[in-house]
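In: here is the input, now give the coordinates:
(one chain, ligands or ions: 3)
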Amino acid sequence: MAQHASTRPDTEALILGGEPTLEYQPLVDMTSGRLLGFEALLRWRHPEEGLILPSLLLPWLEANGDIVQLGEWVLAEGCHQATRWPENIQLAVNLSLVQLRRGVGSSAVVGAIERSGLEPGRLTVEFTEHALVEDVAMNDLRAIGALGVELAVDDVGTSWTSFDVLRRLEVNTVKIDRSFVGSLEPQQGINRLIVETVVSLAHSAGISTVAEGVETSQQASVVREFECDAAQGYFFAPPLSIAVATELANEPGFCFAYEGGGWSDHRFVVGAPEQPATHHPFTLGQSPA
Ligand code: C2E
Ligand code: MG
Ligand code: MG
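Out: Ligands and ions are numbered 1, 2, ... in the order given. This is a model prediction of the structure:
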């Protein structure tokens, strides 16, 4: 694509010289501090450059369609890893609009669930509001929902959202964008109002809420005051390697500490970074294992 012309050769070289991997960021229950599950986040492991973030990869992968094949890999790898966690721990996976508007998200979800044996209700598919105005994407999402997989709208507040459309699609969760959550100081009245309004509209439509990007105990307090059901952010934990995430998932009764409100005195400390092998090998141009 023309707008990526200057970055394309570099990005292509980085991608061809590395391999995909996933990190897993905890989702925290805001009433109890319990670990609800993890969001799988794509990274590219490069021998010299280290872990490369999706902001650099996604425009290139989406522009040339490789995101379809990679999206299948993300689902297969994430679902396989989630089978190593206790049954009450959820996995959330991001789907690209490119997958949904080609109508291939549902077949990728079916493949990953069948191969891994993960119970469909333990998987949440995250997508952005842009999918809600495209017919093919909406049909793909309905097919995913019909499998018993949960649906979550990501980055809510940045675009247009009709709660009536969300209710009819039987969306389970809305994730409030971190641009609102990250500025919840008392003087930021408009952001507080947006978060409070989204939570209350969602709850009145029977939809649960997650606050993204919680970085401070003050933000955690406000999010809790507004009765947001769950939260995610550096205040609780950054994206973790599969080894650390699996250790956390398997620690019985684990709760995150929370300075503003109690919960527990058990504060999560990030373990040493590890780079375990992923389950599925991935090579561009070949089908994922
Ligand atoms: P997202 O789905 O909204 O994921 C949350 C992003 O916020 C992640 O960035 C995460 O690392 C970051 N984050 C989490 N807590 C905090 C915090 O407290 N403060 C700040 N400043 N950031 C926080 P990341 O991993 O760079 O991913 C960026 C986006 O790339 C994701 O946003 C998602 O839209 C996309 N993405 C990630 N993995 C995949 C994937 O497997 N497939 C597709 N299609 N998209 C993906
Ligand atoms: Mg997401
Ligand atoms: Mg988001």
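In: please count neighbours and contacts with C-alpha atoms only from this point.
Out: Will do.
In: any idea how far ligand 3 is from the closest residue to T158 other than its chain neighbours?
Out: Counting by CA to CA, 6 or more residues apart in numbering, the nearest residue to T158 once its immediate chain neighbours are dropped is D177, at 7.0 Å. Between D177 and ligand 3 the distance, using CA to the ion, to the nearest Å, works out to 6 Å.
In: show the contacting residues for D177.
Out: Contact partners of D177, counting by CA atoms under 8 Å, 6 or more residues apart in numbering, are D154, D155, V156, G157, T158, A211, E212, G213.
In: V104 now?
Out: Contacts for V104 were tallied using CA under 8 Å, 6+ apart; they are V68, D140.
In: just the pLDDT for it.
Out: Listed pLDDT for V104 reads 98.
In: separation between the residue in the stretch 151-289 of the chain that ligand 3 sits nearest to and D229?
Out: Proximity to ligand 3, evaluated over the stretch 151-289 of the chain using CA to the ion, is greatest for D155 at 4.2 Å. Relative to D229, D155 is positioned 16 Å away (criterion: CA to CA, to the nearest Å).
In: and the strand or helix carrying the residue of the stretch 151-289 of the chain closest to ligand 3, how far from the chain's centre?
Out: Per DSSP states H and E: D155 is located in strand 150-156. A distance of 9 Å separates the centroid of the chain from that of strand 150-156, by CA atoms, centre = their mean, to the nearest Å.
In: check which helices and strands that strand is in contact with.
Out: Contact analysis of strand 150-156 by 3 or more CA pairs under 8 Å, 6 or more residues apart in numbering; DSSP states H and E lists strand 123-128, strand 173-176 as its packing neighbours.
In: point out the most buried one among those.
Out: The densest packing among the helices and strands packed on strand 150-156, expressed as mean neighbour count by mean count of other CA atoms under 10 Å, is seen in strand 173-176 with a mean of 25.
In: pairing partners for that one, with directions?
Out: Taking DSSP bridges as the criterion, strand 173-176 pairs within the sheet with strand 150-156 (parallel), strand 208-211 (parallel).
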